[in-house]
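Chemist: I would like to see how this sequence folds:
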Amino acid sequence: MKPIIEFCASNMHHGTGTLMKKLEQNPDYDVIEYGCLGNCGECYLAPFGMVDGQIIAASSVEELEVLILQAIDNQQAEREALDRLIDDL
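Modeler: Alright, predicted model coming up:
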């Protein structure tokens with residue numbers, strides 16, 4: 001299952017548009033832009049996105065990229081661990 005990475009169009013003033021376009025180039029990700037993700041306070045203050053419904057915020061777009069990639073890796077590791085548990089049952 002591909003991770004879903006979501007961005008808010010209203011957050012693009014932080015420079016997240018560049019990151020969104022970069023991530024769209026990776027066929028392993030589903031990247032979606034919404035007019036609003038309903039996280040207005042966060043949207044105003046800092047660059048952010050969502051990975052499979054989890055809000056990821058950072059102080060810069062560069063940091064956001066790192067945190068998004070870490071979240072993807074962590075979520076994948078959690079899915080693999082659950083799959084192993086289910087296989088062991």
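Chemist: Pull the contacting residues for the most centrally placed residue in the chain.
Modeler: Centroid-nearest residue in the chain: residue 51, 3.2 Å away (criterion: CA atoms, centre = their mean). By CB atoms under 8 Å, 6 or more residues apart in numbering, the contact list for residue 51 reads 3-6, 68, 71-72, 75. C-beta: built from backbone N, CA, C; applies to glycine.
Chemist: I'd like these as CSV, with pLDDT, distance to residue 31 and secondary structure appended.
Modeler: Supplementary listing: the contacts of residue 51 in CSV, determined by pLDDT from 0 to 100; distance: CB to CB, whole Å; DSSP: H, G, I helix; E, B strand; the rest coil:
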residue, pLDDT, distance to residue 31, secondary structure
3, 95, 9, coil
4, 97, 8, strand
5, 98, 5, strand
6, 96, 8, strand
68, 98, 10, helix
71, 97, 14, helix
72, 97, 12, helix
75, 92, 15, helix
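Chemist: Which of the residues you listed are buried? Put it as a PyMOL command.
Modeler: Buried members of the contacts of residue 51 can be picked out in PyMOL with the line below, counting by 16 or more other CB atoms under 10 Å:
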select buried, resi 3+5+6+68+71+72+75
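Chemist: Thank you, goodbye.
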